[in-house]
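Student: coords please:
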Amino acid sequence: MKLSIGIIFCSLVLGVSSREWFTFLKEAGQGAKDMWRAYSDMREANYIGADKYFHARGNYDAAQRGPGGAWAAKVISDARENAQRLTDRFKFGDSGHGEADSRADQAANEWGRSGKDPNHFRPRGLPDKY
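Tutor: Residues are numbered from 1 along each chain as shown. This is a model prediction of the structure:
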C-alpha cells in the first residue's frame, strides 16, 4: 500500500505520465530477459575466461532497451555480486571468485551498461554462437 502511494505521489510530483511508467517497466522487463539470456548462454558455453564477456554483454543488451533496461541491469548485477559476497561469508571461505574478481565483474557490468562494445572482453575461441 505504501509503495503504491509512493509511486502515485512521485508520478504527480515529477509529472511522469502513465505512458512513461509503462515504457520504463516494459524496458525493465526486456532488460531482465536480456540479463537472463546472457546468464543462460554463459552456463551453456561453460567456457573458461568468458565470464566478463557475458557480464558486459548482458548489461549492454539490457541498457540498449532504454532507462528501464539499464536500471534492471544495474539492480540484477549488484544483487548478484552482493549475494556472492554474502554466501562466501557463510561458507567460511571464498567462492573462488574473491573480491578482486567481484570488482572486475562490476567493471565489466558498467562497461556494458555504458554502451561500450562487450566484445572487448570476448575470449579467443568462444564459439560465434555467443
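Student: Now the element after the one helix or strand Gly31 maps to, going C-ward?
Tutor: In the assignment (DSSP states H and E), Gly31 maps to helix 18-45. Scanning forward in sequence from helix 18-45 by DSSP H and E, the next helix or strand is helix 51-63.
Student: Outside of stretch 114-126 itself, list whatever touches it.
Tutor: For stretch 114-126, contacts defined as C-beta atoms under 8 Å, 6 or more residues apart in numbering pick out 45, 47-50, 52-53, 55-57, 59-60, 63-64, 108, 111-112. (Each C-beta comes from the backbone N, C-alpha and C, glycine too.)
Student: The same query, at a cut-off of 7 Å, please.
Tutor: 45, 47, 49-50, 52-53, 56-57, 60, 63, 108, 111-112 (C-beta atoms under 7 Å, 6 or more residues apart in numbering).
Student: ok, of those residues, which come out buried?
Tutor: With burial judged by 16 or more other C-beta atoms under 10 Å, the buried subset of the contacts of stretch 114-126 is 45, 47, 50, 52-53, 56-57, 60, 63, 108, 111-112.
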